[in-house]
Structure formats: structure tokens, C-alpha cells
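Chemist: Sequence and predicted model, in that order:
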Amino acid sequence: MIDHSLVARHYESFSEGPRLQKSRVRRLEFESTLHVLGKHLSPQSTVLELGAGHGAYSFHFARQGHHVTATDLVDVNVEAMRALANEEHLDTVEIRQADATDLVGFADDAFHSVLSLGPYYHLRTWELRRRSLLECRRVVRDGGIVAVSYINRIFAVNYLLKTGQGLTPDQYESLMRPDDERVDYPDEFFNVSHFSTQEAVEDELRSCGFDIVEHAGTDGVGGFFPETLEGLDEDAYDDFRSYHLKTCSQPSQRGASSHCLVIARKV
């Protein structure tokens, strides 16, 4: 079973909303995700977001007129979203506490779209990921969209090496298994996360009754050299951002990105 306390402790150490705005790499992830999702969400649709954090995505779509149900497992995140909803007097967003692997209380075929932009890569066994994907499929309408974010294993391992932290041979082996529950990695995030590949995520989605619609790398190569990206002047950054948005769904860009996003359709 997933250790909810480890995940909660990790996310209680920072605010998910500001994380997506505090650097150009994180803003690129946020803007790219919105760019891709915007192509697939129908206007004023019903949207369920699992693991919504402080609601950066949920509130964006609620402000656009979508009818959003924003959920999270962590108490502090649920409280933060409720406070923001009250502050903005938004009647297009509902806040609920929910476990992404057990959507009890949500009816079958209730939503046009389901966003799983965080939970999937914290479910460290295939059985838990399968349970979550099948719940997403249950609550989304026929032909509806499920969006899943994951962490690219190739990027994660290479970035860890860049920081001077190698892994032991058995740790490398563990990372390649679909059921990796080790908690002795040198980086905390490795102890609460599942790292995957483009092929594995698509295979898991297909096995749960989805077709792949689009697959993008949302933060691109900027994650390897964030200092360089921060040092660009505004015009140079805007040019790079425009290039990234045009190419983020190419396989080569996905392979270099830390966060990746798959848009899948229920069949």
C-alpha cells in the first residue's frame, strides 16, 4: 500500500501553487500543461482533478467556466483550496478530499474529463496505478478525456547524477521495476515517487481501456539547465517558450523532459 504519510510530509513542506510559478522551468511546466489540456477540454465541461494540490490547475479551469471538482488527499491542501474558493467566491469549483485509488462517492460517467496530474507518479506499484486508472475510467464519460502526468525516469536518474548523487547497482535495478517501494534512495523525492518511461505509461493506459490522444513533455530540456533559462532576457525566453510549445509533443522532447503528460480517451 502507498504510505500516505510520506507523500503528505513531502507536500506539506511547500506550496504546490507557488511551486508552479517560482521559476521559469516550473512556469513552463504549468503553461505547457494548460496548452495541451486546452486543446482537449470542451468549453464549460465537467472536470475532476485528483491530487489538485493548492488548486493551480483546478482554479484556472474554474475561472474559465468549467465546472470543476478539485480533490486532494492532504489535509493542508484541501484547506488551502477551500480558503481560496471562499476568497474568490467561485461557484464553479467544489473542493473534496479523496484518494485517487478509491473514488467512492463519485458516480459512474460523471465527468467529461479527469485530471491526474500528481497522483499517478506517487503510486509506486502497478496495482495501485491500475486501481487509480480504472477509477478514472469509471467516473469519466464514454469518449471522455483522462490526463495523466508522470515523471520521466531517464531525466530523474540523469539529473540525480548531475547533482553528484549516484545510486547503487541494486537501486538502479529497483527503479526499472514497475513495483518499486524502496525508501533508501539518497533523494527524498525518489522515496515517494514512481518513475516511468513513455512506453510503459502508454501501455498501462491502454491496458485499462484508453486510447492515447497526445503525449507531451511539459517542462522540456530546461530542467537540465535551469540557471541558463533564468538568465535569458524576456525576448529570448519568449522565443524559447514558443518553440517549446510547438515541439513539446515530439518524442525527442518527451525524452528530455522531467514531467510528461499523456492525454487518453476512454474507449
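Modeler: The structure has been received and is ready for your questions. Numbering: from 1, shown residues only.
Chemist: Report pLDDT for the residue most central in space within the chain.
Modeler: Taking Cα atoms, centre = their mean, the centroid of the chain lies closest to Leu117, which sits 2.4 Å from it. Looking at Leu117, its pLDDT is 97.
Chemist: Now for the residue nearest to it when sequence neighbours are not counted: which residues touch it?
Modeler: The spatially closest residue to Leu117, leaving aside those adjacent along the chain, is Ser149, at 4.4 Å (Cβ to Cβ, 6 or more residues apart in numbering). C-beta here means a position set from N, CA and C on the backbone, and glycine is covered the same way. Going by Cβ atoms under 8 Å, 6 or more residues apart in numbering, Ser149 touches 33, 116-118, 120-121, 218, 259-262.
Chemist: do the same with Gln64
Modeler: Contacts of Gln64 (Cβ under 8 Å, 6+ apart): none.
Chemist: do you know how far it is from Ser45?
Modeler: 10 Å (Cβ to Cβ, to the nearest Å).
Chemist: which strand is the longest one in this structure?
Modeler: strand 140-152 (DSSP state E).
Chemist: That one: partners in the sheet, and parallel or antiparallel?
Modeler: strand 111-116 (parallel), strand 195-196 (parallel), strand 259-266 (antiparallel) (DSSP bridges).
Chemist: out of these, nearest to His40?
Modeler: His40 sits nearest to strand 259-266 of all these, at 5.4 Å, using Cβ to Cβ.
Chemist: from the chain's centre, how far out does the closest one sit?
Modeler: 10 Å (Cα atoms, centre = their mean, to the nearest Å).
Chemist: again with stretch 208-222
Modeler: The answer for stretch 208-222 is 10 Å, by Cα atoms, centre = their mean.
Chemist: per-residue confidence averaged over that stretch?
Modeler: Rounded mean pLDDT across stretch 208-222 is 95.
Chemist: Dump the longest strand of the chain to CSV, keeping only the CA atoms.
Modeler: Provided in CSV are the C-alpha atoms of strand 140-152 (Å, rounded to 0.1, in the frame of the first residue of the first chain):
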residue,chain,number,x,y,z
VAL,A,140,-15.3,9.7,-16.9
ARG,A,141,-17.9,9.6,-19.7
ASP,A,142,-17.6,7.4,-22.8
GLY,A,143,-15.2,9.2,-25.1
GLY,A,144,-14.1,11.4,-22.3
ILE,A,145,-10.5,12.5,-21.6
VAL,A,146,-8.2,11.4,-18.8
ALA,A,147,-4.9,13.3,-18.4
VAL,A,148,-2.1,11.7,-16.6
SER,A,149,1.2,13.3,-15.6
TYR,A,150,4.3,11.2,-14.9
ILE,A,151,8.0,11.7,-14.1
ASN,A,152,10.4,10.6,-16.8
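Chemist: State the helix or strand in which the residue lying closest to Arg241 once chain neighbours are set aside lies.
Modeler: Nearest residue to Arg241, sequence neighbours excluded (Cβ to Cβ, 6+ apart): Leu28, at 6.5 Å. Here Leu28, judged by DSSP states H and E, is contained in helix 24-38.
Chemist: Then Glu135?
Modeler: With DSSP H and E as the test, Glu135 turns up in helix 126-139.
Chemist: helices and strands around that helix, which ones?
Modeler: Contacts defined by 3 or more Cβ pairs under 8 Å, 6 or more residues apart in numbering; DSSP states H and E place helix 126-139 against strand 46-50, strand 111-116, strand 140-152, helix 198-207.
Chemist: contacting residues around whatever helix or strand comes next after the shortest one?
Modeler: This points to strand 46-50. Downstream of strand 46-50, the first helix or strand assigned by DSSP H and E is helix 56-63. Outside helix 56-63, the residues that touch it by Cβ under 8 Å, 6+ apart are 16-17, 20-21, 30, 33-34, 37, 41, 47, 49, 52, 68, 70, 81, 84-85, 88, 90, 92-93, 115, 117.
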